[in-house]
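J.: when you get a sec, could you give me coordinates for this:
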Amino acid sequence: MNRKLIRPDLAEVKEQFHGTAKMYRQRKPIPPEQTSAESFYYLKQMSNKTRMVIVLKDGEEIRGTIEWYDKSALKVHRASDPN
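T.: Numbers count the residues shown, from 1 in each chain. Purely as a prediction, here's the structure:
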């Protein structure tokens, strides 16, 4: 009785390998520019009128409550100083 060794076709093996390799080579998606966490934080601080201290790059401190915010700006209401 002779037994014959059955091997998979080399072309099939290469095709399967390349298919799985492509899945692993895909880049991660770029994270969104804005998450809802930042918006939630600002809205919470504005609704509670939380007193905030904002420290600028030169070390100056601005104290007050946030009136509104934008992507690149904050409007702070200061009771004793001009806004």
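J.: run through the strands of this protein in chain order.
T.: Taking DSSP state E, the strands of the chain run over residues 52-55, 61-69, 74-77.
J.: pairing partners for the second one, with directions?
T.: Each strand pairing with strand 61-69, determined using DSSP bridges, is listed with its direction: strand 52-55 (antiparallel), strand 74-77 (antiparallel).
J.: what comes up buried for it?
T.: Within strand 61-69, the residues that qualify as buried by neighbour count (16 or more other CB atoms under 10 Å) are Gly64, Thr65, Ile66, Tyr69. In short, each C-beta sits where N, CA and C put it, glycine included.
J.: can you name the two of those that sit furthest apart?
T.: Spatially, the most separated pair among those is Gly64 and Tyr69, at 13.0 Å (CB to CB).
J.: just to revisit the earlier point, any idea which of the buried residues of strand 61-69 is closest to Gln34?
T.: Comparing these against Gln34 with CB to CB picks out Tyr69 as the nearest, at 11.6 Å.
J.: what separates that closest one from Pro82, distance-wise?
T.: 19 Å (CB to CB, to the nearest Å).
J.: before we move on, what about Tyr42?
T.: Taking CB to CB, one finds Tyr42 at 22 Å from Pro82.
J.: what about these two, which has more around it?
T.: Higher neighbour count among Tyr42 and Pro82: Tyr42, with 15 against 4, using other CB atoms under 10 Å.
J.: just give me the residue right at the centre of the protein.
T.: Pro31 (4.6 Å; CA atoms, centre = their mean).
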